[in-house]
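Trainee: need a structure here:
(one chain, ligands or ions: 2)
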Amino acid sequence: MVDYHLHTPRCCHAEGTPEEYLAEAERKGLREIGFADHFPLGLLDYVPRAQVTMNPDELWQYIKQIEALKGFSKKVDIKTGIEVDYLPGTEEKLAALLEEYSFDYVIGSIHFIEDWDFTHPFYAETYGDLDLNKLYRTYFELVWKLCRSGLFDIIGHIDVIKKFGYRPDGDLEPYWIETARVLKATGTCLELNTAGRDAPVNEFYPHKRLLEACFKSGVSVTMGSDAHGPLQVGRYFKEAVELLKTTGYKEVTVFEKRVMRSMPI
Ligand SMILES: [Zn+2]
Ligand SMILES: [Zn+2]
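Mentor: Numbering: from 1, shown residues only. Ligands and ions are numbered 1, 2, ... in the order given. Sure, this is the predicted structure:
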């Protein structure tokens, strides 16, 4: 199995060395892992209220460190990825930056709506003041824009807007159908991210119905634990693999130098 969403302490909210993450992956019998730490927001001229990414001058060190780890294990293949915040208006700048660095894959994620880090527990109470129907509309429009930017191989934790358990009352099916359609049309790979099981919402990203819609639309899938500590590597993967299989998936997607390939589950 593959775990393509591992962080490092460089982002200031994770712990453990990459070697410790690798040791845990070996222990859990994973075949492939990829580090995807938070891309420096400073390079996109964005300053969040709390520091949640590595500093710009650390990016090369990060890449070197992970590249040096490749071949370190006989059991686990290692990939160098990155998780980049999708911020509308930064597409051109980001495209130029991604040309400069060589990644195996790029995860696009949404953590910010304007200057609100809606994934951060510090700012979760803001949800209570909002019209959730409007909020979901805004969030999913960002998801579709992210995919259409063509900058990302994978979309991270696709429905993370549910993280703290706030959901509109209405039927979300139209969002799932449109999202699956956009992923397929743009060739964006879906991430089954297991971290949501440890969040207040207590379910994987994406919602089961969204995963089903993606399968029906022929969207490719990969897996990520979003580990911010070594013990979280491969968390709930047994359950996640079962879910993929019952949904109909027979393979997951892996990347090398941004070229995708399938691996049987
Ligand atoms: Zn993080
Ligand atoms: Zn994230």
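Trainee: Okay, the nearest residue to Val76 once chain neighbours are set aside and Leu231: tell me how far apart.
Mentor: In space, and not counting its chain neighbours, Val76 is closest to Ala25: 5.0 Å by CB to CB, 6 or more residues apart in numbering. (C-beta placed from N, C-alpha, C; glycine too.) Ala25 is 11 Å from Leu231, where distance means CB to CB, to the nearest Å.
Trainee: Tell me the buried residues in stretch 106-126?
Mentor: 106-112, 117-120, 124, 126 (16 or more other CB atoms under 10 Å).
Trainee: Columns distance to Glu92 on top of those residues, output as a markdown table?
Mentor: Converted to a markdown table, the buried residues of stretch 106-126 look like this (distance: CB to CB, whole Å):
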| residue | distance to Glu92 |
| --- | --- |
| Val106 | 16 |
| Ile107 | 20 |
| Gly108 | 15 |
| Ser109 | 19 |
| Ile110 | 19 |
| His111 | 21 |
| Phe112 | 18 |
| Asp117 | 24 |
| Phe118 | 25 |
| Thr119 | 25 |
| His120 | 27 |
| Ala124 | 32 |
| Thr126 | 30 |
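Trainee: Looking at the residue nearest to Val76 now. What's its pLDDT?
Mentor: Predicted confidence (pLDDT) at Ala25: the value is 98.
Trainee: so which helix or strand takes in it?
Mentor: In the assignment (DSSP states H and E), Ala25 maps to helix 18-27.
Trainee: Now do that helix: which elements does it pack against?
Mentor: Secondary-structure packing of helix 18-27 (3 or more CB pairs under 8 Å, 6 or more residues apart in numbering; DSSP states H and E): strand 2-6, strand 32-38, helix 59-69.
Trainee: Buried residues, the last one. List them.
Mentor: Spelled out, it's helix 59-69. Buried residues in helix 59-69 (16+ other CB under 10 Å): Leu59, Tyr62, Ile63, Gln65, Ile66, Leu69.
Trainee: and the first one, what pLDDT?
Mentor: It stands for Leu59. On the pLDDT scale, Leu59 gets 97.
Trainee: just the last one next, same as before
Mentor: As predicted, Leu69 sits at a pLDDT of 97.
Trainee: now the helices for the stretch 101-250 of the chain?
Mentor: Shown for the stretch 101-250 of the chain, the helices assigned by DSSP state H, counting those that start in this stretch span residues 132-148, 173-186, 208-217, 237-247.
Trainee: Out of these, flag the one nearest Phe164.
Mentor: Closest to Phe164 of these, according to CB to CB: helix 132-148, at 11.2 Å.
Trainee: just the angle between that closest one and helix 173-186, please?
Mentor: In terms of direction (axes from the mean of the first three to the mean of the last three CA atoms, to 10 degrees), helix 132-148 departs from helix 173-186 by 10 degrees.
Trainee: tell me what helix 132-148 is packed against?
Mentor: Packed next to helix 132-148, using 3+ CB pairs under 8 Å, 6+ apart, are strand 112-113, strand 154-155, helix 173-186.
Trainee: Pull out the buried residues from the longest one.
Mentor: By neighbour count, with 16+ other CB under 10 Å as the criterion, the buried positions of helix 173-186 are Tyr175, Trp176, Thr179, Ala180, Val182, Leu183, Lys184, Thr186.
Trainee: just stretch 198-205 next, same as before
Mentor: Ala199, Val201, Phe204, Tyr205.
Trainee: Can you give me every residue that contacts the nearest residue in space to Thr186 that is not next to it in sequence?
Mentor: In space, Thr186 comes closest to Cys147 once its chain neighbours are excluded; the distance is 4.2 Å by CB to CB, 6+ apart. By CB atoms under 8 Å, 6 or more residues apart in numbering, the contact list for Cys147 reads Gly108, Ile155, Val182, Leu183, Ala185, Thr186, Thr188.
Trainee: before we move on, back to that, can I get the helices and strands packed on helix 132-148 in a markdown table with mean pLDDT and distance to Met1?
Mentor: Converted to a markdown table, the helices and strands packed on helix 132-148 look like this (pLDDT from 0 to 100; distance: least, CB to CB, whole Å):
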| stretch | mean pLDDT | distance to Met1 |
| --- | --- | --- |
| strand 112-113 | 96 | 30 |
| strand 154-155 | 98 | 16 |
| helix 173-186 | 98 | 21 |
